[in-house]
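Novice: Have a look at this fold, sequence not included:
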């Protein structure tokens, strides 16, 4: 453990116990990383299987979120949607129903900026602090403590959360006030979704012109056309046929829908990304929600279902 974290535990002993609500692929990985770095972890998840895996890693499992809130000054959320976040924070059995002093909530969910700001207003009225810190890097990053984190919150609140964030993230960027982290994550995933489509088209064009995928990728990665998709996704999950990134078609389709909804709400025209959104939506007819999201590169463009 670093000297910074040791001092943190000495000065804030109650914060050495972290609650994790949502023990899916990402939440469980973060719980393991926190445990490995010297934190105690109390976890909650509706899945008995996930509870068992977290307990095996060393976490203490509780039967309700209210029990978790009572035991933890700092709580991490890793949930599917903004509605799940709203439920565990402001629902009937959520944080706002608990008669406890202020808690620090770190929401790593890919959520909706305006919903996050709304919840923040409610929590602050009760003395709680919310920062949004959605993550990129997949289960591997969660398990290794090398996530990329896009953080929204007041400077002082982010500084308070930093010992926890530094355990989980290899790259941490404070992007603005509450809600800004979720906005950046939506933009990031919109770009990833679009880049996967443009990269698959680039490969088809290169192949048709007589260039192997391997040679094309090597050349692009040495040039200005490179991206994380060409540098990471294609070599690691696409070209070798692995398709085991841990992130699904269903999750990416959800994130693309969030991006399109945000654009409509803010009256921002995104013609290129809107086309990408149509292709991702139409892919539901070809690829199940549980398929790896990199399989979008295998979709036949003649069956993309794009509106004319």
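Specialist: Received, thanks. Everything quoted here is computed from the prediction, not taken from an experiment.
Novice: Report the secondary structure state of residue 42.
Specialist: Of the three states, residue 42 takes strand according to DSSP: H, G, I helix; E, B strand; the rest coil.
Novice: okay, now it: neighbour count?
Specialist: 22 (other C-beta atoms under 10 Å). All C-beta spots, glycine's among them, are computed from the backbone N, C-alpha and C.
Novice: so who does it touch?
Specialist: Residues near residue 42 by C-beta atoms under 8 Å, 6 or more residues apart in numbering: 17, 18, 19, 20, 59, 60, 61, 62, 68, 71, 72.
Novice: With secondary structure, pLDDT and distance to residue 206 added, can I get these in a markdown table?
Specialist: A markdown table is the format used below for the contacts of residue 42 (DSSP: H, G, I helix; E, B strand; the rest coil; pLDDT from 0 to 100; distance: C-beta to C-beta, whole Å):
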| residue | secondary structure | pLDDT | distance to residue 206 |
| --- | --- | --- | --- |
| 17 | strand | 94 | 53 |
| 18 | strand | 97 | 47 |
| 19 | strand | 98 | 49 |
| 20 | strand | 98 | 44 |
| 59 | coil | 98 | 47 |
| 60 | strand | 97 | 53 |
| 61 | strand | 98 | 50 |
| 62 | coil | 97 | 53 |
| 68 | helix | 97 | 51 |
| 71 | helix | 96 | 55 |
| 72 | coil | 96 | 52 |
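Novice: Give me the buried subset of these.
Specialist: Buried members of the contacts of residue 42, scored by 16 or more other C-beta atoms under 10 Å, are 17, 18, 19, 20, 59, 61, 62, 68, 71, 72.
Novice: give the contact list for the first one.
Specialist: With C-beta under 8 Å, 6+ apart as the criterion, the residues that contact residue 17 are 39, 40, 41, 42, 71, 72, 73, 74.
Novice: how would you label residue 130: helix, strand or coil?
Specialist: Secondary structure for residue 130, judged by three-state DSSP, is strand.
Novice: shift numbering so it begins at 26
Specialist: Sure, I'll start numbering at 26, so the last one becomes residue 155.
Novice: Can you report how many residues neighbour it?
Specialist: Residue 155 has 27 nearby residues by other C-beta under 10 Å.
Novice: now do the one 4 residues further on
Specialist: Neighbour count for residue 159, taken as other C-beta under 10 Å: 26.
Novice: can you check residue 289 too?
Specialist: Residue 289: 12 surrounding residues under other C-beta under 10 Å.
Novice: Also residue 89?
Specialist: As a burial measure, residue 89 scores 10 neighbours (other C-beta under 10 Å).
Novice: ok, it - contacts?
Specialist: If you count contacts by C-beta under 8 Å, 6+ apart, residue 89 has them with 69, 118.
Novice: One more: residue 158?
Specialist: By C-beta under 8 Å, 6+ apart, the contact list for residue 158 reads 131, 132, 133, 174, 175, 176, 177, 178, 186, 190, 194, 206.
Novice: Just confirm the fourth one is within a strand.
Specialist: It refers to residue 174. Yes: the assignment for residue 174 is a strand, going by three-state DSSP.
Novice: Tell me the bridge partners for the residue nearest to it when sequence neighbours are not counted.
Specialist: Of all residues not flanking residue 174 in the chain, residue 194 sits nearest, at 4.0 Å (C-beta to C-beta, 6 or more residues apart in numbering). Following DSSP bridges, residue 194 is listed with bridge partners residue 172.
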